[in-house]
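Colleague: Okay, sequence plus prediction incoming.
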Amino acid sequence: MLATVLAVAGGFTRPAVDWHALAPEIVLTVTIVICLLVDVTTAEHSRWTASSVAGIGMLAALVPVLTLAADNHSRSMFGGAYVVDDFALVLKGLFLVAGYLTILLSTNTIAEGDYAEGEYYLLILSAVFGMTVMASSRDLISIFIALEMLSIPAYLLAGWRKRTLTGNEAGMKYYLMGVFASAVMLYGMSLIFGGTGSTLLTEIGSKVNHSFMQEPVAVVGIIFVLVGFGFKVSAVPFHNWAPDTYEGAPTPVTAFLSVASKTAGFVAILQLVFIGFLDRADVIRPFMFVLAVLTMTVGNVIALRQTNIVRLFAYSSVAQAGFILAPLAVFGSGLGPGGVPGNNGRVLSAIVGYTLVYTLINLGVFAVIISVSRRLGTGDIKAWGGLWTYAPALATCMALFVFGLGGIPPAMGWFAKFQLFSAVVGGHTWLGYTMGVVMAVNSVISLAYYLSIVRTMFMDDVPDGDVTPIRVPLPLAAVVAIATIGAVVVGVLPEIVGHLANSAVFAMGAGH
Amino acid sequence: MLLNEFLLLAAALFCIGVYGVIARKNGVLVLMSIEIILNSVNINLVAFSAMTGAISGQVFALFIIAVAAAEVGVGLAIVLAIFRNYKTVDLDEVDLMKG
């Protein structure tokens, strides 16, 4: 037995490993280990060092991302299973920044509550590690591993308040939905592997296996895989877990799940759809059309009648997922810039750009929610009345973020939303035009509840008459400030996001 | 052709697993149903791998076995936390938040 294994191993040559390309992941891994050691070796009262270590590690991992971006050529490893190109780098940067802001959001909440501190930051780091791997995965196996790497810590984080009933419920619902979704996704992947004989996305998408992609079983495989990721991005009808999990989890974790974890799902969908399944755009377009229309409409309509601020933003994030999926209803159709068949480039850059903007604004929203909830002690929107009179800065920032989510022109979300519309209509198909109309109607519905928050903050009276100013801890104030500066800068200079999103496109669309 | 039998077995297991996830109320049995789905995937992958000679299917199956163990570890921990607070593992009882 051993002899046969050794005989096989004799022909083994070590694949070339590009250490520079793996540097962000290596820095994260080292940080995870240090974080674990800090937790083991320090006394209970100095566990806060774990949060500093995690934050520094997150920022340190950004350095190799920047040097790789400056280096400006895409690197491919393990036969194309792991690719570090501009698309991957833009999203790695996004995940690391989102992870850093999440740590800032968590510092006070986690230190003040009766929570285990060291493990918390360990799990956040592990989840961010999974996300950075996801941005580079171009193979079914590495996509699966990245998905589990980011999901398993997220299940534990969702159920972090383990002594409360709502905390248990949040963890259980997220876990069951997530595991079931990844099982369904795996079944789809096994069918696709069976038909193509490969797990590499480029080979699945290549013309050699063109014949298989026309078989009905390929459609079953593709739909199962996309349904699996539909759960991850909380697309309707797979969204049931989202509001309960968001309400029951600690609020910083909710911010993390609604932003980073969701974006990782979109990244996987983009890689699968644009590299692996491009030949069956005819199947994916109507599927995504139905999914996006349902997600937007159901999310917005239910959000209208929410009275809890966290639940409201849970449904708002469901609706935003619909907007992000919308351009996939037209990909691979029509003529794009430069007469290239398909407007894939525009679809991709619109989705990436909107994701960047949405991440920053939503983290800002949750920073304000956490700051205000520390004082109010309730999630009821009515309690937010008159926020303007005693916390003018927070109220103004919240209004700015909410305008951004709604897509009102001076705020930062406007340009990104405009790109989504132009990608959807630019397909010149009836599916695209219908989608444009649905998106316009939904933008108006979403303004109704976004503006009602603003009205409560600025017009209503303070419910209990207590107008002592809110004391905002430094880390939370930093997140609000970063998100506000980002919102203003991108609102004035939308080309920044456009440039990042465009550079992400060519790396991916070049193969087709 | 021998492949069909394996695929039919996997499809049957997949359906049993999905039925179990939807119909069962006991948390532990739902976890077992998910394991059944994952094993149907493994059968599929190994059968396809043997047919096409592509080794990556078997590697994929090994990864799934390892990850499934990690998933179940987390799942049992969550079920245990629920049992401590609710004194039951009936998932229908775990439904406080609505709306």
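Modeller: Yes, it's here. Numbering: from 1, shown residues only, chains lettered A, B, ... in the order given.
Colleague: What residues of stretch A:283-303 count as buried?
Modeller: A:283-285, A:287-289, A:291-300, A:302-303 (16 or more other Cβ atoms under 10 Å in any protein chain shown). In this view, the C-beta of every residue, glycine as well, is placed from N, C-alpha and C.
Colleague: From the rest of the structure, what touches it?
Modeller: Outside stretch A:283-303, the residues within contact range by Cβ atoms under 8 Å, 6 or more residues apart in numbering or on different chains are A:219, A:222-223, A:226, A:230, A:234-237, A:239, A:273, A:277, A:312, A:315-323, A:325-326, A:328-333, A:431, A:434-435, A:438-439, A:442, A:445-446, A:449.
Colleague: ok, of these, which come out buried?
Modeller: A:219, A:222-223, A:226, A:230, A:234-236, A:239, A:273, A:277, A:312, A:315-323, A:325-326, A:328-333, A:431, A:435, A:438-439, A:442, A:445-446, A:449.
Colleague: returning to that earlier point: keep only those of the buried residues of stretch A:283-303 that are in helices.
Modeller: Among the buried residues of stretch A:283-303, the members falling in helices (DSSP state H) are A:283-285, A:287-289, A:291-300, A:302-303.
Colleague: so residue A:120 touches residue A:157, yeah?
Modeller: Yes: in this structure residue A:120 lies within contact range of residue A:157 using Cβ atoms under 8 Å: 7.4 Å.
Colleague: so where is chain B shaky, pLDDT-wise?
Modeller: Along chain B, the parts satisfying pLDDT under 70 run over B:1, B:98-99.
Colleague: Does the longest helix anywhere in it reach chain A?
Modeller: Counting residues, the longest helix found in chain B (DSSP H) is helix B:56-86. Yes: for helix B:56-86, a contact with chain A is found by Cβ under 8 Å from any Cβ of the partner chain, at B:56-57, B:59-60, B:63-64, B:67, B:70-71, B:74-75, B:77-79, B:81-82, B:85-86.
Colleague: From these, list just the buried residues.
Modeller: For those, a neighbour count by 16+ other Cβ under 10 Å gives the buried set as B:56-57, B:60, B:63-64, B:67, B:71, B:74-75, B:77-79, B:81-82.
Colleague: Can you add distance to residue A:186 and give these back as JSON lines?
Modeller: JSON lines is the format used below for these (distance: Cβ to Cβ, whole Å):
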{"residue": "B:56", "distance to residue A:186": "14"}
{"residue": "B:57", "distance to residue A:186": "12"}
{"residue": "B:60", "distance to residue A:186": "9"}
{"residue": "B:63", "distance to residue A:186": "10"}
{"residue": "B:64", "distance to residue A:186": "6"}
{"residue": "B:67", "distance to residue A:186": "10"}
{"residue": "B:71", "distance to residue A:186": "11"}
{"residue": "B:74", "distance to residue A:186": "17"}
{"residue": "B:75", "distance to residue A:186": "16"}
{"residue": "B:77", "distance to residue A:186": "22"}
{"residue": "B:78", "distance to residue A:186": "21"}
{"residue": "B:79", "distance to residue A:186": "22"}
{"residue": "B:81", "distance to residue A:186": "26"}
{"residue": "B:82", "distance to residue A:186": "26"}
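Colleague: which of those lies closest to residue A:124?
Modeller: Closest approach to residue A:124 among these (Cβ to Cβ): residue B:74, at 15.6 Å.
Colleague: Now do the contacts for the closest one.
Modeller: Residue B:74 is in contact with A:152, A:155, A:156, A:175, counting by Cβ under 8 Å, 6+ apart.
Colleague: Most neighbours among these, which one?
Modeller: Counting neighbours by other Cβ atoms under 10 Å in any protein chain shown, residue A:175 comes out on top of these with 29 neighbours.
Colleague: Is it correct that it is in contact with residue A:159?
Modeller: Yes: if you go by Cβ under 8 Å, residue A:175 and residue A:159 touch, sitting 7.4 Å apart.
Colleague: picking up where we left off before, out of the contacts of residue B:74, which are close to chain B?
Modeller: With Cβ under 8 Å from any Cβ as the criterion, these include A:152, A:155, A:156, A:175 near chain B.
Colleague: Helix or strand: which one has residue 33?
Modeller: If you meant another chain, say so; for now it's chain A. Assigned by DSSP states H and E, residue A:33 falls within helix A:19-41.
Colleague: meant chain B actually
Modeller: In the assignment (DSSP H and E), residue B:33 maps to helix B:27-52.
Colleague: picking up where we left off before, filter the ones next to chain B among the contacts of residue B:74 down to just the ones in helices.
Modeller: Counting by DSSP H, these place A:152, A:155, A:156, A:175 in helices.
Colleague: can you count the residues close to the nearest residue to residue A:157 once chain neighbours are set aside?
Modeller: Of all residues not flanking residue A:157 in the chain, residue A:253 sits nearest, at 4.6 Å (Cβ to Cβ, 6 or more residues apart in numbering or on different chains). Using other Cβ under 10 Å, residue A:253 is surrounded by 31 other residues.
Colleague: Which phi and psi values does residue A:253 adopt?
Modeller: phi -70, psi -40 (degrees, to the nearest 10).
Colleague: Need the pLDDT of it.
Modeller: Looking at residue A:253, its pLDDT stands at 93.
Colleague: Over to residue A:311?
Modeller: pLDDT recorded at residue A:311 is 89.
Colleague: That one against residue A:247, yeah?
Modeller: Yes: counting by Cβ under 8 Å, residue A:247 is a contact partner of residue A:311 at 5.4 Å.
Colleague: Find residues that contact each of these two.
Modeller: Taking Cβ under 8 Å, 6+ apart as the contact rule, residue A:311 and residue A:247 both touch residue A:379.
Colleague: lowest confidence element among the helices and strands of chain A?
Modeller: Comparing helices and strands within chain A by mean pLDDT, DSSP states H and E singles out helix A:2-10 as the least confident, with a mean of 63.
Colleague: residues contacting residue 60?
Modeller: Picking chain A for this. Here residue A:60 is in contact with A:27, A:31 (Cβ under 8 Å, 6+ apart).
Colleague: wait, chain B
Modeller: Taking Cβ under 8 Å, 6+ apart, we find residue B:60 in contact with A:140, A:141, A:144, A:189, A:190, A:193, A:199, B:45.
Colleague: same check, this time on residue A:362
Modeller: Neighbouring residues of residue A:362 by Cβ under 8 Å, 6+ apart: A:255, A:258, A:259, A:313, A:317, A:320, A:401, A:405.
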